[in-house]
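Trainee: here is my input; please provide its structure:
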Amino acid sequence: VQLQASGGGLVQAGGSLRLACVATDRTFSSYSMGWFRQAPGKARKFVAGISEESGELSIYADSVKGRFTISRDNAKNTVNLQMNVLKPEDTAVYYCHARTIIGAEYWGQGTLVTVSS
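Mentor: Now for the predicted structure:
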């Protein structure tokens with residue numbers, strides 16, 4: 001499985017960005033998907049996750065609840081992360097993550113989000 005993340009960039013505080021992650025595997029709908037982020041000098045942390053198939057279940061880190069929304073489009077093999085009311089502390093490299101039904105895990109290459117104050 002290959003994951004290609006995009007959508008990062010430079011934005012002012014209070015602005016919005018939409019990240020996208022496209023998977024190459026045709027069994028994408030069976031994967032639970034998520035986004036993690038890693039700020040400079042810090043460990044990678046969970047941001048948001050969405051369940052497989054219909055994606056009816058989603059979960060967020062406390063720091064992004066109410067500002068970020070994760071969604072998936074199985075027809076396009078894509079998971080999105082809509083990020084609103086961005087803060088300087090959201091600055092990080094954002095990584096797409098996939099977990100298969102047998103527990104295998106895959107990571108995308110990361111996309112840099114920089115929020116200026």
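Trainee: is residue 75 in a helix, a strand, or coil?
Mentor: helix (DSSP: H, G, I helix; E, B strand; the rest coil).
Trainee: can you pull up the most central residue in the protein?
Mentor: Closest to where the C-alpha atoms of the chain average out (Cα atoms, centre = their mean) is residue 35, at 3.0 Å.
Trainee: residue contacts, it?
Mentor: 19, 21, 47-49, 70, 79, 81, 94-97 (Cβ atoms under 8 Å, 6 or more residues apart in numbering). Heads up, the C-betas are built off the backbone N, CA and C, glycines and all.
Trainee: try 6 Å
Mentor: With contact taken as Cβ atoms under 6 Å, 6 or more residues apart in numbering, residue 35 is in contact with 47-48, 81, 94.
Trainee: restricted to strands, list those.
Mentor: The strands, defined by DSSP state E, take in 47-48, 81, 94 from the contacts of residue 35.
Trainee: got a winner among the residues you listed for most neighbours?
Mentor: Among the ones in strands among the contacts of residue 35, the one with the most neighbours (other Cβ atoms under 10 Å) is residue 81, at 27 neighbours.
Trainee: so where do the strands sit in the protein?
Mentor: Counting by DSSP E, the chain has strands at residues 3-6, 9-12, 17-23, 32-38, 45-50, 58-60, 68-73, 78-83, 92-99, 105-107, 111-116.
Trainee: take those and write them to JSON lines, including mean pLDDT.
Mentor: Below are these laid out as JSON lines (pLDDT from 0 to 100):
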{"stretch": "strand 3-6", "mean pLDDT": "96"}
{"stretch": "strand 9-12", "mean pLDDT": "98"}
{"stretch": "strand 17-23", "mean pLDDT": "97"}
{"stretch": "strand 32-38", "mean pLDDT": "98"}
{"stretch": "strand 45-50", "mean pLDDT": "98"}
{"stretch": "strand 58-60", "mean pLDDT": "98"}
{"stretch": "strand 68-73", "mean pLDDT": "98"}
{"stretch": "strand 78-83", "mean pLDDT": "98"}
{"stretch": "strand 92-99", "mean pLDDT": "98"}
{"stretch": "strand 105-107", "mean pLDDT": "96"}
{"stretch": "strand 111-116", "mean pLDDT": "98"}
